[in-house]
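S.K.: Everything below, folded, please.
(4 chains)
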There are 2 protein chains.
Amino acid sequence: MDPARPRSRRARGQAGARRPVYDAASLLAVAVAEFNTRGYDATSMEDLSRAAGITKSSFYHHVSGKEDLLRAALERALDGLFAILQERHARSGRPVDRLRYIVRRQVEVLQAELPYVTLLLRVRGNTATERWALERRRSFDATIAELVREAAAAGQVRADVDSAVAARLLSGTVNSIVEWYRPGRPGAGELPEDVVRTVFEGVLPRG
Amino acid sequence: MDPARPRSRRARGQAGARRPVYDAASLLAVAVAEFNTRGYDATSMEDLSRAAGITKSSFYHHVSGKEDLLRAALERALDGLFAILQERHARSGRPVDRLRYIVRRQVEVLQAELPYVTLLLRVRGNTATERWALERRRSFDATIAELVREAAAAGQVRADVDSAVAARLLSGTVNSIVEWYRPGRPGAGELPEDVVRTVFEGVLPRG
DNA sequence: GTCTATAATCAGATAGAC
DNA sequence: GTCTATCTGATTATAGAC
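M.R.: This is a model prediction of the structure:
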């Protein structure tokens, strides 16, 4: 009927294809979405392959196993977060200004890499991969905590709350966003600035 | 050798017994600790019985199953949280004062019922029990969100951050405490007030 | 690249002896 | 109350046909 039919094979690679041609990256996205819905441990390879629309065996043709999917996802999240610390405004200036910048950027990365960061924040430490990710996370948090300490020593943040506690509350507030933020909602662009305002100035009206 | 030997059976019920005489409540505490360490789905009944020092079969003699353990734990956490909303200072006064009171009490309940609240905050919704808990949690959060809205309408909290966003950040900050707080550390008594100060006034210095 | 079939292991749960 | 032994089903992963 249609002489151009053989081309449809290539066309599947474009958007709008009935069943996408998968590569490692797109299957990772599918897997991470499932991990976040059910939890990593509760998600079987069967669940993943069904979500991709292929059989378990076909799925294994593309990926090497469940834990490698996890590692790739966690790596992407961690790389995004650590890249912030290398940016110019995160490395120079008053501690409190660097802190403000990092918090804003952290919210932005969280929005941009939501599924990957979400997965990262739910890791428990059951496997070597998870413990590796937890350690890198702890290292990131320690950098923030040190910055809060410096800002407190310079009188740039309040002294009546222990700086270690303040740092944990700050990180906790930012991280909690993954529990409810969904992209595409109105007001998403204002979120980083809203978080900075709320964290630094509190919820009470200006005084 | 010792004519009083039979008594040792009763003595095991006291503190310092080598292997405690278990009842449903003490096994629940053991189970919740394991759930929080490894995650609910990654924890097997074998893990639980080993943690209790008995076999899987003996463990089943005391409890009816894994999901019932989960339900009992989640119920305890939820009951603790909802009880706050019935207290006098949570029900009368200016919205912002009620809010402040609830936040302080929420931190206190979180400290007192740490393992149970921790488990509650990690539930994903895979089973009917988990979905039931998630719905009760959402109902609790909705009460807080409504209170923030009222406080905003009365000009008692800042208007330049959306009240729904502010409410989520507030709840997120409080809930994030389970990720790092451990009882018995110095400064634990000051935590509720530190959280109230940080959330309401921010991390910047006064004035 | 996708499939069916299956291996090997581990999970939650129970039976029945002591 | 605790044990050993076992059932049943799900899980990760692989073999080999098309």
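
S.K.: now A:Leu69: how far from chain B?
M.R.: From A:Leu69 across to chain B, the span is 16 Å (CB to the nearest CB, to the nearest Å). Any C-beta I mention is one placed from the backbone N, CA and C, and that applies to glycine too.

S.K.: ok, the closest residue to that residue other than its chain neighbours - contacts?
M.R.: Computed as CB to CB, 6 or more residues apart in numbering or on different chains, the closest residue to A:Leu69 that is not its neighbour in sequence is A:Ala31, at 4.7 Å. Going by CB atoms under 8 Å, 6 or more residues apart in numbering or on different chains, A:Ala31 touches A:43, A:48, A:51, A:63, A:69, A:73.

S.K.: Now do the helices in chain A.
M.R.: A:8-11, A:24-38, A:45-52, A:56-62, A:66-86, A:88-91, A:95-112, A:114-122, A:128-153, A:163-175, A:191-201 (DSSP state H).

S.K.: quick one, which of those is nearest to B:Leu134?
M.R.: helix A:24-38 (12.8 Å; CB to CB).

S.K.: The closest one near DNA strand C anywhere?
M.R.: No - using CB under 7 Å from any atom of the strand, helix A:24-38 stays clear of DNA strand C, coming no nearer than 9.1 Å.

S.K.: pLDDT of that helix, averaged?
M.R.: Mean pLDDT, helix A:24-38: 94.

S.K.: got the angle for it vs helix A:66-86?
M.R.: 100 degrees (axes from the mean of the first three to the mean of the last three CA atoms, to 10 degrees).

S.K.: ok now do A:Tyr101, which residues does it touch?
M.R.: Counting by CB under 8 Å, 6+ apart, A:Tyr101 has contacts A:87, A:89-90, A:93.

S.K.: Break chain A into its domains for me.
M.R.: Following automatic domain parsing, one gets these domains for chain A: A:7-63, A:67-201.

S.K.: ok, the last one near DNA strand D or not?
M.R.: Yes - applying CB under 7 Å from any atom of the strand, one finds domain A:67-201 touching DNA strand D at A:Glu67.

S.K.: Could I get the average pLDDT for that domain?
M.R.: Mean pLDDT, computed over domain A:67-201, is 97.

S.K.: The closest residue to A:Gln156 other than its chain neighbours: neighbouring residues, count only.
M.R.: Spatial nearest neighbour of A:Gln156, excluding adjacent residues (CB to CB, 6+ apart): A:Val96 at 3.6 Å. Per other CB atoms under 10 Å in any protein chain shown, the neighbour tally for A:Val96 reads 21.

S.K.: Quick check: the residue nearest the centre of chain A vs A:Glu108, distance?
M.R.: Among the residues of chain A, the one closest to the centroid is A:Val117, at 1.7 Å (CA atoms, centre = their mean). Computed as CB to CB, to the nearest Å, the A:Val117 to A:Glu108 distance reads 11 Å.

S.K.: Which residues are in contact with the closest residue to DNA strand D within chain A?
M.R.: Residue nearest to DNA strand D within chain A: A:Ser44 (3.0 Å; CB to the nearest atom of the strand). Shown in contact with A:Ser44 (CB under 8 Å, 6+ apart): no residues.

S.K.: again with A:Phe59
M.R.: A:27, A:45, A:48-49, A:52.

S.K.: next one: A:Ser49
M.R.: A:55-56, A:58-59.

S.K.: are any of these buried, and which?
M.R.: Neighbour counting with 16 or more other CB atoms under 10 Å in any protein chain shown marks A:Phe59 as buried within those.

S.K.: So which residues on chain A come close to DNA strand C?
M.R.: Neighbours of DNA strand C within chain A, by CB under 7 Å from any atom of the strand: A:19, A:21-22, A:54-58, A:61-62.

S.K.: Out of these, which end up buried?
M.R.: Buried among the residues of chain A next to DNA strand C by 16+ other CB under 10 Å: A:22, A:54.

S.K.: Flag the least confident of the residues of chain A next to DNA strand C.
M.R.: A:Arg19 (56).

S.K.: Can you get me a residue count around A:Leu78?
M.R.: With other CB under 10 Å as criterion, A:Leu78 counts 20.

S.K.: give the contact list for A:Asn175.
M.R.: Contacts for A:Asn175 were tallied using CB under 8 Å, 6+ apart; they are A:110, A:121, B:172, B:176.

S.K.: ok, and the most crowded of those?
M.R.: That'd be A:Leu110 among these, by other CB under 10 Å, with 25 neighbours.

S.K.: how close does the closest residue in space to A:His62 that isn't next to it in sequence sit to A:Val96?
M.R.: Of all residues not flanking A:His62 in the chain, A:Leu27 sits nearest, at 5.3 Å (CB to CB, 6+ apart). Applying CB to CB, the value for A:Leu27 to A:Val96 is 43 Å.

S.K.: And the residue of chain A closest to DNA strand D, what's its pLDDT?
M.R.: Model confidence at A:Ser44 (pLDDT) stands at 96.

S.K.: any idea how far it lies from A:Val123?
M.R.: 18 Å.

S.K.: for A:Gly172, same thing?
M.R.: Relative to A:Val123, and taking CB to CB, A:Gly172 is found at 16 Å.

S.K.: quick revisit: close enough to count as contact, the residue nearest to A:His62 and A:Val63?
M.R.: Yes - contact criterion CB atoms under 8 Å: A:Leu27 and A:Val63 qualify, at 6.0 Å.

S.K.: Need the phi and psi values for A:Ser92.
M.R.: phi -140, psi 150 (degrees, to the nearest 10).

S.K.: what's it in contact with, if anything?
M.R.: A:Arg98.

S.K.: Which one of the helices of chain A lies nearest to B:Trp132?
M.R.: For the helices of chain A, proximity to B:Trp132 was assessed by CB to CB; helix A:24-38 is nearest, at 16.9 Å.
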